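# need the 3D shape of this:
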Amino acid sequence: MTEDKTRPNRKIKVLVVDDSAFYRQTLSEMLKRSSKIDVIGVISDGTDTIRFLSKNKPDVIVLDLEMPAMDGFTFLRWLMSNNPLPVLVVSAHSEKSNVFKALELGAIDFLAKPTQRASFEILKIQKELIAKVELAATIPVEKLYVQARRSADSLSIVTESKQLSEFHGSRDLIKVVTIGASTGGPPAVQSIITRLPNNLSAIVAIAQHMPPGFTQYFAERLNKVSELPVREAKHGEIVQSGTVYVAPGGHHMAFEKKVDDIRFSIKTRTEADKYTPSVDILMKSAAQIYGNKTLGVLLTGMGQDGKKGMRLIKEKGGATLAEAEETAVVFGMPKEAILEGVVDKILPLYSIPEEIIRRCR
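Residues are numbered from 1 along each chain as shown. Alright, predicted model coming up:
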């Protein structure tokens, strides 16, 4: 019988894996400050973690990637093949390529260590660490396979976008596609962008909840596997059709109408902002400027970001899509918009690219 993770008073069992004794102890103490969490082990490398898992069953693993003997990547491959569990990566801020590789291998989400060296600066991420661990514990094991498969599939299907480009629907209907995502988003976004053809006429704007510094690398990574040009948006940049723009981490991105053109306005987040980059801000600005030629797409993620933006898109006569529960790693954001009654179509992730193309061509 499967253990019920949702029953009252059951603590979330967490395993911390990090080669630094300082971080093992500090992360463990941070997690223990939550009454909902029980740290059942602290381990220094992947090999010992596999031995630990043969006798213990944590609900969530907090994982560093740079470790001796068996690194985090090798361990993730083994874990997702043999004993899938939710993994939250806590890695050095400079290891951006490592973070996205870990997400492709099945990690649910990541947090960046504030400094390269061991420092009590790590305490700054305590609130977010606890929140992400608590969220990870709610994700069904079968969704972990979806997360690990998304990027692998998208990397092998770049040619499929040429086939999809032959699918015709209402021409010149949508001029801007706004995509919002949070937890589980990077592989989901990649699986969509790699399936869009190089002759797509619409603008594609992405608000993926992500900290500063990582979105530039995310955009560059997408650009390497996309037929459309992909880049991180810059303040004051003139918007060009047939281009994919990623909102800068730690900032909000909005469309802004000037006299002769439309540009991006990039604004720094404030302490009061719950979600950054904000999906609502992006979608609302698109709806105000492009009206019924706006398409809103809401993907995996926790919370309510995007619900208000999708509502305004609908009010302006635009179209809205939400990822179906069957493929969403976290069904929070799509579910909130669906319950609000502002979603035209609910589609599994693999059907969304074709629908985007149909509405843009």
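# every contact and neighbour count from this point should use C-alpha atoms.
Fine.
# could you report the neighbour count for Ala69?
Residues near Ala69, counting by other C-alpha atoms under 10 Å, number 12.
# please, which helix or strand holds it?
Per DSSP states H and E: Ala69 is located in neither a helix nor a strand.
# distance of it relative to Asp48?
9 Å (C-alpha to C-alpha, to the nearest Å).
# repeat for Ala319
In terms of C-alpha to C-alpha, Ala319 sits 51 Å off from Asp48.
# what of Ser351?
Distance from Ser351 to Asp48, by C-alpha to C-alpha: 41 Å.
# same question, Gln304
For Gln304 relative to Asp48 (C-alpha to C-alpha), the value is 39 Å.
# do Ala181 as well
Ala181 is 34 Å from Asp48, by C-alpha to C-alpha.
# those two: which is more packed in?
Taking other C-alpha under 10 Å, Ala181 and Asp48 do not tie; Ala181 has more neighbours (28 against 13).
# who's the more buried one bridged to?
Beta-bridge pairing for Ala181 (DSSP bridges): Gln208.
# and the helices in the stretch 151-300 of the chain?
Using DSSP state H, counting those that start in this stretch, the helices of the stretch 151-300 of the chain run over 160-164, 185-193, 214-225, 279-290.
# relative to Val133, which of these is closest?
helix 185-193 (16.6 Å; C-alpha to C-alpha).
# ok, Met345 - contacts?
No, residue 345 isn't Met; it's Lys. 320-322 (C-alpha atoms under 8 Å, 6 or more residues apart in numbering).
# bridged to it, which residues?
Leu321.
# distance of it relative to Leu295?
Counting by C-alpha to C-alpha - Lys345 and Leu295 are separated by 11 Å.
# low-confidence regions, the stretch 51-200 of the chain specifically.
For the stretch 51-200 of the chain, the stretches with pLDDT under 70 are 93-94, 145-172.
# redo the helices of the stretch 151-300 of the chain as TSV? Include distance to Leu173 and mean neighbour count.
Shown next, in TSV, are those (distance: least, C-alpha to C-alpha, whole Å; neighbours: other C-alpha atoms under 10 Å):
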stretch	distance to Leu173	mean neighbour count
helix 160-164	17	16
helix 185-193	19	24
helix 214-225	25	19
helix 279-290	11	24
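# nearest to Glu121, out of the ones you listed?
Across the helices of the stretch 151-300 of the chain, the minimum distance to Glu121, taken as C-alpha to C-alpha, is reached by helix 214-225, at 19.0 Å.
# which other helices and strands contact that closest one?
Contact partners of helix 214-225 among helices and strands, from 3 or more C-alpha pairs under 8 Å, 6 or more residues apart in numbering; DSSP states H and E: helix 96-105, helix 185-193, strand 230-232, strand 244-246.
# between it and helix 96-105, how many degrees?
Angle, helix 214-225 to helix 96-105, by axes from the mean of the first three to the mean of the last three C-alpha atoms, to 10 degrees: 70 degrees.
# what angle do helix 214-225 and helix 185-193 make?
Angle, helix 214-225 to helix 185-193, by the same axes, to 10 degrees: 30 degrees.
# need the overlap of contacts for Lys345 and Leu295.
In contact with both Lys345 and Leu295: 320-321, using C-alpha under 8 Å, 6+ apart.
# one step back: wait, which of the helices and strands packed on helix 214-225 is closest to Val329?
Short answer: helix 185-193, nearest of these by C-alpha to C-alpha, at 8.5 Å.
# using PDB, write out every CA atom in that closest one.
Extracted in PDB, the C-alpha atoms of helix 185-193 (Å, rounded to 0.1, in the frame of the first residue of the first chain):
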ATOM      1  CA  GLY A 185       8.900  25.100 -16.300                       C
ATOM      2  CA  PRO A 186      12.300  25.100 -18.000                       C
ATOM      3  CA  PRO A 187      12.000  21.600 -19.600                       C
ATOM      4  CA  ALA A 188       8.300  22.400 -20.400                       C
ATOM      5  CA  VAL A 189       9.200  25.700 -22.100                       C
ATOM      6  CA  GLN A 190      12.000  24.100 -24.000                       C
ATOM      7  CA  SER A 191       9.700  21.300 -25.300                       C
ATOM      8  CA  ILE A 192       7.400  24.000 -26.800                       C
ATOM      9  CA  ILE A 193      10.100  26.400 -28.200                       C
END
